[in-house]
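Q: Here you go, sequence then predicted model.
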Amino acid sequence: MATRVQRPEKLVKFGALGRLIRFLGKGIGTFGHRWFSLLVGCSVSMALWAALTSPDFHVSIVAIRRITPPTLAGNDSLVKIQSFTGLVGQPIFLLDPQQVSQQIAQLPPVADARLFLVLPSQAIVEMAERQPEARWIASGHVFLVSRDGVILGSGDAPNLTVTLIDNTGVPLRTGDLVDASAVQMAFVLKDLLSHAGIGITAFRYSTLEGLSVEAKEGWVAKYGSADRIVEKTQELLAVLEFAQERQRILNVIDVRPNRSPTFRT
């Protein structure tokens, strides 16, 4: 016959007390964990606030790195960029490099820009500047333009081989945008005609007639738009050959219509 052994009274009481202690311990542990998390959160917030308000983490240096030759504006463009950005004095942790880069790229001399932030207080702007590639003459003023049609400044540059004369009468200033397709078309025509042995004095531009070519021989060829530019050049060369065979002096050659070219002597 099996004998049942009773647990001592003290052990029973101790077991109940143990369960109570474990229960209270869990509550204290949960409360302690919450308190610890709150303490950590407050510490992080205070650290962030200190970083945002501390002068040590405000931009004090703006460095400009050119990855292209400087434009005719020289160091003036650097001063304008530094003042335009307004980076000096800004909390470095609140700056959005992509947004600031896009703002800098809106400046006329700038083709592309990237902003790099270096702790604790330095901002580095890496930029590519537009280059003057053609003259644009309007109302007697000579402007220097990039290939994408941005006016970079006034003045002359003897090394530029493409000159466009604007007959629209629209006043222009630095930063304005002219017809980029006309500028690019002028470069294409210069290559096509120079290979054919034709010297060019200038290109004339108007909104009504498009682009025309002034040759050193004295004639003017009206091209209009850039469509069919190779075919138009072939038609022009055919007219020149025809005139040479018959010893005619040409004045105006119009290759704009989508038909046989016309010319005046």
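A: Sure, I can see it. The shown structure was predicted, so the numbers you read here are calculated from the model rather than taken from an experiment.
Q: Surely residue 242 is within a strand?
A: No. Counting by DSSP: H, G, I helix; E, B strand; the rest coil, residue 242 is not part of a strand but helix.
Q: any idea how far it is from residue 204?
A: Going from residue 242 to residue 204 by C-beta to C-beta, to the nearest Å gives 24 Å. (Each C-beta comes from the backbone N, C-alpha and C, glycine too.)
Q: Between the two, which has more neighbouring residues?
A: When neighbours are counted by other C-beta atoms under 10 Å, residue 204 comes out ahead of the other of residue 242 and residue 204, with 20 against 13.
Q: where's that one, which helix or strand?
A: When elements are defined using DSSP states H and E, residue 204 is found to belong to strand 200-206.
Q: For that strand, buried residues please.
A: Residues 200, 202-205 are the ones in strand 200-206 that count as buried (16 or more other C-beta atoms under 10 Å).
Q: Does the closest residue to residue 118 other than its chain neighbours lie in a helix or a strand, and which?
A: What sits nearest to residue 118 in space, not counting adjacent residues and going by C-beta to C-beta, 6 or more residues apart in numbering, is residue 124, at 6.4 Å. When elements are assigned from DSSP H and E, residue 124 belongs to strand 122-129.
Q: just checking, next helix/strand downstream of the lowest-mean-pLDDT helix or strand in the chain?
A: Comparing every helix and strand of the chain by mean pLDDT, DSSP states H and E singles out helix 9-53 as the least confident one, with a mean of 56. Note on helix 9-53: by DSSP H and E, the next helix or strand toward the C-terminus is strand 61-66.
Q: Distance of residue 235 relative to residue 221?
A: Plainly put, residue 235 is 10 Å away from residue 221 if you go by C-beta to C-beta.
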